[in-house]
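Student: Here's a sequence, model it:
(chains A and B)
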Amino acid sequence: MNSGDTAWVLVSAALVLLMTPGLAFFYGGMVRDKSVLNMLMMSVSSIGVVGVVWLLYGYSAAFGPDLGAGLLGDPLRHFGLAGLLGSGSLQQTVPSAAYVAFQAMFAIIAVALISGAIADRARFGPWLLFVALWVTVVYLPVAHWVFNADTEDAAGNVVQRGGWIVNQLGAVDFAGGTAVHINAGAAGLVLALLLGKRLGWPGEPMRPHNVPLVMLGAGLLWFGWFGFNAGSALAAGTTSAVVFVTTLGATCAAMLGWMLVERLRDGRATTLGAASGIVAGLVAITPACSAVTVPGALVVGLVAGALCALAVGLKYRLGFDDSLDVVGVHLVGGLAGTLLVGLFASDSAPAGVSGLLYGGGFGQLGKQALAAVAVLAYSLVLTLVLGWLISRTVGFRLPAQHEIDGVDGVEHAETAYHFGGGAPHHRTAETAHATTRVGTTQTQETAR
Amino acid sequence: MKLITAVVQPDTVPAVQQALGELGVLGMTLAEVQGYGRQGGHTEVYRGVRHSVELVSKTRLDVVVEDESAERAVTAVADAARTGTVGDGKVWVTTVDTAVRVRTGERGSAAV
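Tutor: Okay, here's the model as predicted:
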């Protein structure tokens, strides 16, 4: 056990946790004021649901011993973290519990990312059900494929088998371009199609109601992402430091790339564009951060920023209401980063593989493409099954009138902002208003 | 008594307040409003999508004054609110039947 590494992994876990509230603000600012609270809640509630799932059987299914063929870990071996809390239980040089905590945050944000695709129109209870099912059926196997490396003893013999993408295939996905971003982006696409367009989309203007909130969220995401990427080294050393600077470089270049596209296409570089470019760059460098040197990182970022800025327009051409561009940013950015490893990987970077442009031939590019397609296809199919089941049984989409009234009021009995008329002695009038919308007399304010 | 209603650029409100104050007008009611006139709206772009914003933010202010002060007050408001650009707003005057000071019950001019 190494105390420096342990400290870094624990700090990184806390950094990655902060990404999910950051995502909540990033998304929350982009919706209309009548659904901002629900948008925050879709992210924040993922922390609750996935945290419990993870500690019970999630970690074990993703990182427990392989059940065969590298497809899934044993969900019961470490049920409730059994066998992982003793002082002898290590993951490389850090306590297993630190790794459990760190990886929990990845599962949490992966599912929270999906919520942006179905903003303003999903029922809250079915969303919680979806979170639990999606993490179990989609995320845990994919995390096993991508993150669960074989464990070897001192002599180099494999003592515990892991997942097929990281071990048999040998694709490079350092921190989750496939497992988190392609996975969530594909799921977002499926749910956007399954739930259908928001009422009025695309004819009615649906302006972001609070752009400063979006930038606050982007800032928190960027801050936390250093834990996501550099923490994935699982050690405080050269790899984490190199990953830190490639993450920085790609994100800066992506922000500039997105703003450049806007300046040329729309006439102005926007605040929302800068915030979006930051996230696009972070997404794209996530799989690549250990495999590229600084020039490669800058190219990955610039390409991702410009590409995602163009890709967010696709939904209008193709007619699917991916409300907050989970596809345009996370699926497209994740695919770009994963595939660009095959071009720009340099053997002088920590991962030590060579891409096409660094004399490595097409081999790595093929592995990257196969990993990306496998995760994409798995997520598309299984998310469709889960989403369809929820729609057909409990129902996933809000009734039309509730969507018009605003999801905050009908699903949470709350209003984000009281502009005017909010003085305390008007409580009676407010309560009457709230009860009309909720259709019940048991609101919080009555109870008070 | 006259009710002077003005819809003006929000930035000009302090100047209007000062101009009316110099005339001895002791109160006014303000509201943030939205509307459109010849100025029309403007266009905003979010992630490449153009949104036409037709309603523009303005401030509406209501002042009740004595008949003989009305003309000077209207001029003061218009002068103070003028920037010379499209969208400076409008001022109009209506006759008021009566007014009541809520605290004392006084009516008419005494209530203004």
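Student: what's the helix or strand for A:Ala186?
Tutor: For A:Ala186, the host element (DSSP states H and E) is helix A:183-195.
Student: any idea which helix or strand comes after that helix?
Tutor: Next along from helix A:183-195, by DSSP H and E: helix A:211-230.
Student: chain center to that next one, what's the gap?
Tutor: 12 Å (Cα atoms, centre = their mean, to the nearest Å).
Student: Can you report how many residues lie near A:Glu411?
Tutor: A:Glu411 sits with 20 neighbouring residues when counted by other Cβ atoms under 10 Å in any protein chain shown. (Glycine included, C-beta is placed from N, CA and C.)
Student: what do you get for A:Ser3?
Tutor: Neighbour number of A:Ser3 under other Cβ under 10 Å is 10.
Student: With adjacent residues omitted, what lies nearest to B:Asp67?
Tutor: B:Lys2 (6.0 Å; Cβ to Cβ, 6 or more residues apart in numbering or on different chains).
Student: Show me which residues of chain B sit near chain A.
Tutor: B:Glu44, B:Val45, B:Tyr46, B:Arg47, B:Gly48, B:Val49, B:Arg50, B:His51, B:Ser52, B:Val53 (Cβ under 8 Å from any Cβ of the partner chain).
Student: Might one say that the first one is in contact with B:His51?
Tutor: This means B:Glu44. Yes: if you go by Cβ atoms under 8 Å, B:Glu44 and B:His51 touch, sitting 4.9 Å apart.
Student: Now the common contact residues for these two.
Tutor: In the contact map built from Cβ atoms under 8 Å, 6 or more residues apart in numbering or on different chains, the residues linked to both B:Glu44 and B:His51 are A:Arg207.
Student: B:Val100: neighbour count?
Tutor: Neighbours of B:Val100 (other Cβ under 10 Å): 12.
Student: So what does it look like in phi/psi?
Tutor: Here is the backbone geometry of B:Val100 (degrees, to the nearest 10): phi -130, psi 130.
Student: go on, the one 10 residues further on?
Tutor: Per-residue torsions, B:Ala110: phi -60, psi -20 (degrees, to the nearest 10).
Student: How many residues are close by the nearest residue to it once chain neighbours are set aside?
Tutor: Leaving aside its sequence neighbours, B:Ala110 sits nearest to B:Arg101 (Cβ to Cβ, 6+ apart; 7.2 Å). B:Arg101 has 12 neighbours, counted by other Cβ under 10 Å.
Student: Phi first, then psi, for B:Val91.
Tutor: Dihedral angles (degrees, to the nearest 10) for B:Val91: phi -130, psi 130.
Student: With A:Gln91 instead?
Tutor: Here A:Gln91 shows phi and psi, under degrees, to the nearest 10, equal to phi -120, psi 110.
Student: Okay, and the beta partners of it?
Tutor: Residues in a beta bridge with A:Gln91, per DSSP bridges, are A:Val94.
Student: Let me know how buried it is, in neighbour terms.
Tutor: Neighbours around A:Gln91, by other Cβ under 10 Å: 19.
Student: Determine the longest strand present in chain B.
Tutor: Using DSSP state E, we find that the single longest strand of chain B is strand B:56-65.
Student: Now whatever helix or strand comes next after it: buried residues?
Tutor: Downstream of strand B:56-65, the first helix or strand assigned by DSSP H and E is helix B:67-81. Counting neighbours by 16 or more other Cβ atoms under 10 Å in any protein chain shown, one finds that the buried residues in helix B:67-81 are B:Ser69, B:Ala70, B:Ala73, B:Val74, B:Ala76, B:Val77, B:Ala78, B:Ala80, B:Ala81.
Student: What pLDDT is listed against the third one?
Tutor: According to the prediction, B:Ala73 has pLDDT 96.
Student: what comes up buried for the helix or strand hosting B:Ala31?
Tutor: Using DSSP H and E, B:Ala31 sits in strand B:29-35. Residues of strand B:29-35 classed as buried by neighbour count (16+ other Cβ under 10 Å): none.
Student: And stretch A:376-386, by the same measure?
Tutor: A:Leu376, A:Tyr378, A:Ser379, A:Leu382, A:Thr383, A:Leu384, A:Leu386.
Student: elements contacting the lowest-mean-pLDDT helix or strand in chain B?
Tutor: Every helix and strand in chain B was compared by mean pLDDT, DSSP states H and E; the lowest is strand B:49-53, with a mean of 86. Applying 3 or more Cβ pairs under 8 Å, 6 or more residues apart in numbering or on different chains; DSSP states H and E, one finds that strand B:49-53 contacts strand B:42-46.
Student: report the angle between the axes of the strand it packs on and strand B:56-65?
Tutor: 140 degrees (axes from the mean of the first three to the mean of the last three Cα atoms, to 10 degrees).
Student: what about strand B:42-46, distance to the chain center?
Tutor: 27 Å.
Student: hmm, who's touching it?
Tutor: A:207-208, A:262, A:266-268, A:270, A:272, B:50-53, B:56.
Student: what's the most distant pair in those residues?
Tutor: A:Glu262 and B:Val56 (24.1 Å; Cβ to Cβ).
Student: circling back to that earlier point, right, and the residue nearest to B:Ala110 touches B:Ser109 too?
Tutor: No: checked against Cβ under 8 Å, the pair B:Arg101 and B:Ser109 is beyond contact range at 10.7 Å.
Student: So A:Glu262 and B:Val56 - more neighbours on which side?
Tutor: A:Glu262 (23 against 18).
Student: I'd assumed A:Ala275 was in contact with that one.
Tutor: No: the criterion here is Cβ under 8 Å, and A:Glu262 misses it with A:Ala275 at 11.8 Å.
Student: so where do the helices sit in the stretch 251-400 of chain A?
Tutor: Taking DSSP state H, counting those that start in this stretch, the helices of the stretch 251-400 of chain A run over residues A:271-288, A:294-311, A:314-318, A:326, A:332-344, A:363-393, A:400-405.
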